[in-house]
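**Student:** sequence below, structure please.
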Amino acid sequence: MNQQPYSVSIVLDRNCGQLLRELIESGPVWIVESPANRESSQQLWESSPTRTHLDGVTLFKAADTSSPEETLVGWMDAIELHHRVHSADPPYTAIRVIGTPVTTHLREVLATFGFDSFTVTDEGFRAFRPLAAALEFDD
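**Tutor:** Below you'll find the predicted structure:
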């Protein structure tokens, strides 16, 4: 049985480039649109055309005036929609965020999605939630 949690990488760094190839090996990636990130995404789409949103790359837009933190907050509902209990089995229980540190505000926002454990990394942070929190949903 696979002991690794279903994890989604969220890239807020507009110059992620080739790191994308490494990230996709551990699960789906949501990556902010920029010329460098679009080029890397396009290469992955062409080399792996059968990947879906559950195991591939999703490119998303963010205003140039939005901070990475604001961008993450703004996209969490969409990430939930695409990787939680209605869309994935099992639902995701971990995120790897690249391009912003975990702030008090982010901890508070992510707690509303059930995330209760955070680890700082060189590129940002990781957040985890129990499977039970990921299985809860509003009707």
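
**Student:** so for the least confident helix or strand in the chain by mean pLDDT, what gets flagged as buried?
**Tutor:** Within the chain, no helix or strand scores below helix 131-135, which has a mean of 80 by mean pLDDT, DSSP states H and E. Neighbour-count burial for helix 131-135 flags residue 134 (criterion: 16 or more other C-beta atoms under 10 Å). Using the backbone N, CA and C atoms, a C-beta is placed for each residue, glycine as well.

**Student:** that helix: how far from the chain's middle?
**Tutor:** Offset of helix 131-135 from its chain centre (C-alpha atoms, centre = their mean, to the nearest Å): 17 Å.

**Student:** quick one: mean pLDDT for the lengthiest helix in the chain?
**Tutor:** Among the segments of the chain that qualify as a helix by DSSP state H, the longest is helix 68-83. For helix 68-83, the mean per-residue pLDDT is 94.

**Student:** could you point out which element follows it?
**Tutor:** Next helix or strand after helix 68-83 toward the C-terminus (DSSP states H and E): strand 94-98.

**Student:** what helices and strands are in contact with that next one?
**Tutor:** On a contact count with 3 or more C-beta pairs under 8 Å, 6 or more residues apart in numbering; DSSP states H and E, strand 94-98 meets strand 7-11, helix 19-23, strand 124-128.

**Student:** gap between residue 46 and residue 17?
**Tutor:** 16 Å (C-beta to C-beta, to the nearest Å).

**Student:** those two - which one has more neighbours?
**Tutor:** Neighbour count, other C-beta atoms under 10 Å: between residue 46 and residue 17, residue 17 has more, with 14 against 8.
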